[in-house]
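In: Sequence below, structure please.
(2 chains)
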Protein chains: 2
Amino acid sequence: MRIISTLTEWQQLRQSLDLKLTVGFVPTMGNLHAGHASLLELARAQNDIVVLSIFVNPTQFNDPQDYQSYPRTHEADLALAEKLNVDYVFMPEKSSLYPDNYTYQVSETEISQYQEGAYRPGHFMGMLTVVLKLLLLVQAQRAYFGEKDHQQLQLIRGLVKAFFLNVDIVACPIVRESTGLALSSRNSLLTAVERTQAEHFAQIFQQITLPCADIIQQLTRAGIQVDYVEDRDNRRCAAVKVGRIRLIDNHSLDQV
Amino acid sequence: MRIISTLTEWQQLRQSLDLKLTVGFVPTMGNLHAGHASLLELARAQNDIVVLSIFVNPTQFNDPQDYQSYPRTHEADLALAEKLNVDYVFMPEKSSLYPDNYTYQVSETEISQYQEGAYRPGHFMGMLTVVLKLLLLVQAQRAYFGEKDHQQLQLIRGLVKAFFLNVDIVACPIVRESTGLALSSRNSLLTAVERTQAEHFAQIFQQITLPCADIIQQLTRAGIQVDYVEDRDNRRCAAVKVGRIRLIDNHSLDQV
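Out: So this is what the prediction gives:
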């Protein structure tokens, strides 16, 4: 496994790779958990070369406090990547990904307007901008994203279509703890009491045969602050706050 | 010379081209004049394959009337392209370049704010979005732009840097009539009286040793409506209106 920390080194390496080999790309913000592992395992199974990027992208954090406290666990991340037979770990510096100082931005006007878009101003613009940069740098045949960030996944599929990118977007299902709680890097920031509340959120939210209003009522009664619980395009999405930590989750309504 | 009018046909053709051959790309909105010819000639001299695109991009017209009246002269354009040994003319439909219905947009926050950006809201966003789409579709080694649209050229250079595109942006000098008037597709919309005024604009504006304020005064006295005459980064740029037609021009101040 080779760790690449400069953009130039990555670009030289990418140019040297045999064009006949397929590249699978897993972009992450690090603090890897079993959800990321499922992406890396699928990428490993489907491609000749697996590229993992770790970059805590400042432009997609609407809340500076969230950016500061976002868990950074590089040693454990690299150990997991090694174990999963990742070929290249790309860990660029902020300044190298933003030679323009974020004066060039990619935005979207529909999907990005509701749910996370409404609660996190600028989040999707930062995400789309960095994902486009990374996709253009890595030039993978396949890129892997988790279904937990459902709106993000939809937006990235749209980005690929709008700009004719030659990459297949592969989605992987949400990985959950035995308690039902969806894995998230932010879970590691929960106190013991908050974790119990987070599990409670997952358990209430998984009752997908109940109307959203009932779910919201149950969550509120459990002392959980609800940003939204909403059905749209056959998927139910939710965001709540447990203490200072914001959690999201979703379930397909296809089977209901 | 082959004319390609569908996106799929272009994508198939691009994939079939030998990767060892260099591609030079000249994106235009048609109504080709000697300025475009200079771009095509340089592209022909520097590359194995020359691709010309003709697409009147609706998203970069802030004024619907300007979009409607923009001169469309496909037969003459194709004759010139043939004469200049263009290999491929790509003439996509609007719907195929905007499968997202322009919900995905590329914007810039500094250069795009003044001069043309201030007078043509949305213009640079539409331009940057379509140029990124075209650059990603054509995958050229070199792309050619005229210095007449100086801000556009600066913005495209920044776009290439911000998104790590593997294309050299080649700029060609402004081509002028013997009167000094910079060639522009919009010149063909001028009446005889307006043309005289347009030439007068060019002659007044070329006095680059005079301060901007004096130029503005002379233009105003000549009955020409001035949007701006401004020095910035060693270049003097101007935009005026002659009748309903808006004209731009610029001169380098390097020699002054």
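In: List the contacts of the closest residue to chain B within the stretch 151-256 of chain A.
Out: Using Cβ to the nearest Cβ, the single residue of the stretch 151-256 of chain A nearest to chain B is A:A162, 3.8 Å away. No exception for glycine: its C-beta is placed from N, CA and C like everyone else's. For A:A162, the contact set (Cβ atoms under 8 Å, 6 or more residues apart in numbering or on different chains) comprises B:98-100, B:103-104, B:133.
In: in chain A, which spans are helices?
Out: Under the criterion DSSP state H, helices of chain A are mapped to A:7-16, A:34-46, A:64-69, A:74-83, A:94-97, A:116-119, A:123-138, A:150-162, A:192-205, A:212-221.
In: Close to chain B: what parts of the stretch 51-200 of chain A are there?
Out: Within reach of chain B by Cβ under 8 Å from any Cβ of the partner chain, the stretch 51-200 of chain A has these residues: A:98-100, A:103-111, A:128, A:132-133, A:136-137, A:158-159, A:161-165.
In: Quick check on those residues: which are buried?
Out: When these are checked for burial by 16 or more other Cβ atoms under 10 Å in any protein chain shown, the buried set is A:98-100, A:103-108, A:111, A:128, A:132-133, A:136-137, A:158-159, A:162-165.
In: can I assume A:H251 is in contact with A:I208?
Out: Yes - assessed by Cβ atoms under 8 Å, A:H251 is found in contact with A:I208 at 5.0 Å.
In: thinking again about what came up before, tell me which two in the contacts of A:A162 are the farthest apart.
Out: B:T103 and B:K133 (13.1 Å; Cβ to Cβ).
In: Just want the most central residue of chain A.
Out: For chain A, the residue nearest the mean C-alpha position is A:D149 (5.6 Å; Cα atoms, centre = their mean).
In: For the closest residue to it other than its chain neighbours, give me its contacts.
Out: Nearest residue to A:D149, sequence neighbours excluded (Cβ to Cβ, 6 or more residues apart in numbering or on different chains): A:I248, at 7.3 Å. Contacts for A:I248 were tallied using Cβ under 8 Å, 6+ apart; they are A:116, A:148-149, A:182, A:184, A:237-239.
In: correct me, but A:T22 touches A:V50?
Out: No - assessed by Cβ under 8 Å, A:T22 is found out of contact with A:V50, at 9.9 Å.
In: Looking at these two, which is more packed in?
Out: Between A:T22 and A:V50, counted using other Cβ atoms under 10 Å in any protein chain shown, the more crowded position is A:V50 (29 against 14).
In: Would you agree the more buried one is in contact with A:V26?
Out: Yes - A:V50 is in contact with A:V26 according to Cβ under 8 Å; the separation is 7.2 Å.
In: so what's in contact with the two at the same time?
Out: A:40, A:43.
In: Can you point out the buried residues in the helix or strand bottoming out on mean pLDDT in chain A?
Out: Lowest on mean pLDDT, DSSP states H and E among the helices and strands of chain A sits helix A:64-69, with a mean of 92. Buried positions in helix A:64-69, judged by neighbour count with 16+ other Cβ under 10 Å: A:D66.
In: Need the residues that contact it.
Out: By Cβ under 8 Å, 6+ apart, helix A:64-69 touches A:56, A:58, A:61, A:189, A:244, A:246.
In: Relative to B:C172, which of those is nearest.
Out: Nearest to B:C172 among these, counting by Cβ to Cβ, is A:P58 at 38.2 Å.
In: Tell me the spacing between that closest one and chain B.
Out: Using Cβ to the nearest Cβ, to the nearest Å, A:P58 is found at 15 Å from chain B.
In: can I assume that residue is in contact with A:K94?
Out: Yes - contact between A:P58 and A:K94 holds when scored by Cβ under 8 Å: they sit 6.2 Å apart.
In: neighbour-wise, which of the two wins?
Out: The neighbour comparison of A:P58 against A:K94 (other Cβ under 10 Å) goes to A:P58, with 15 against 12.
In: so who does that one touch?
Out: A:P58 makes contact with A:67, A:94, A:126, according to Cβ under 8 Å, 6+ apart.
In: Give the closest residue to A:Q218 in space, chain neighbours not counted.
Out: A:I204 (4.7 Å).
In: In contact with the one you found, which residues?
Out: When contacts are counted by Cβ under 8 Å, 6+ apart, A:I204 is found next to A:215, A:218-219, A:222, A:224.
In: per-residue confidence for it?
Out: At A:I204, the model reports a pLDDT of 98.
In: ok, now the one 4 residues further on?
Out: According to the per-residue confidence, A:I208 scores 96 in pLDDT.
In: ok, it touching A:N250?
Out: No - look at A:I208 against A:N250 with Cβ under 8 Å: they stay out of range, at 10.1 Å.
In: anything in contact with each of those two?
Out: Taking Cβ under 8 Å, 6+ apart as the contact rule, the neighbours common to A:I208 and A:N250 are A:R236.
In: Those two: which has the busier surroundings?
Out: Taking neighbours as other Cβ under 10 Å, A:I208 and A:N250 compare with A:N250 leading, 22 against 14.
In: tell me the domain boundaries of chain A?
Out: Following automatic domain parsing, one gets these domains for chain A: A:2-172, A:185-248.
In: What is the neighbour count of A:V256?
Out: Using other Cβ under 10 Å, A:V256 has 10 other residues around it.
In: Could you do A:A34 as well?
Out: Neighbourhood size, A:A34 [other Cβ under 10 Å]: 12.
In: circling back to that earlier point, mind checking how far the residue nearest to A:D149 is from A:V242?
Out: 11 Å (Cβ to Cβ, to the nearest Å).
In: go on, A:V50?
Out: To A:V242, A:V50 is 34 Å away according to Cβ to Cβ.
In: repeat for A:G158
Out: For A:G158 relative to A:V242 (Cβ to Cβ), the value is 30 Å.
In: Quick check: beta-bridge partners of the residue nearest to A:S38 when sequence neighbours are not counted?
Out: Once flanking residues are discounted, A:S38 sits nearest to A:C172: 5.0 Å by Cβ to Cβ, 6+ apart. For A:C172, the beta-bridge partners are A:G146 (DSSP bridges).
In: Show me the beta-bridge partners of A:D231.
Out: According to DSSP bridges, the partner residues bridging A:D231 are A:R236.
In: Quick check, pLDDT for it.
Out: For A:D231, the model assigns a pLDDT of 98.
In: Can you give me the neighbour number for it?
Out: By the criterion of other Cβ under 10 Å, A:D231 has 14 neighbours.
In: and the gap between it and A:A43?
Out: A:D231 is 31 Å from A:A43, by Cβ to Cβ.
In: neighbours of the closest residue to A:P71 other than its chain neighbours, just the number please.
Out: Ranked by Cβ to Cβ, 6+ apart and with sequence neighbours excluded, the top spatial neighbour of A:P71 is A:N31, at 4.2 Å. Residues lying near A:N31 (other Cβ under 10 Å) number 21.
In: With A:K20 instead?
Out: Other residues within reach of A:K20, judged by other Cβ under 10 Å, total 6.
In: what separates it from B:V23, distance-wise?
Out: Going from A:K20 to B:V23 by Cβ to Cβ gives 21 Å.
In: Any regions of the stretch 1-150 of chain A where pLDDT drops low?
Out: For the stretch 1-150 of chain A, no stretch has pLDDT under 70.
In: and stretch A:56-64, how far apart are its ends?
Out: 12 Å (Cα to Cα, to the nearest Å).
In: Identify each buried residue in that stretch, please.
Out: Residues of stretch A:56-64 classed as buried: A:56-57, A:59-62 (neighbour count, 16+ other Cβ under 10 Å).
In: In CSV: these, plus distance to A:V89.
Out: Formatted as CSV, those follow (distance: Cβ to Cβ, whole Å):
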residue, distance to A:V89
A:V56, 14
A:N57, 16
A:T59, 21
A:Q60, 20
A:F61, 22
A:N62, 27
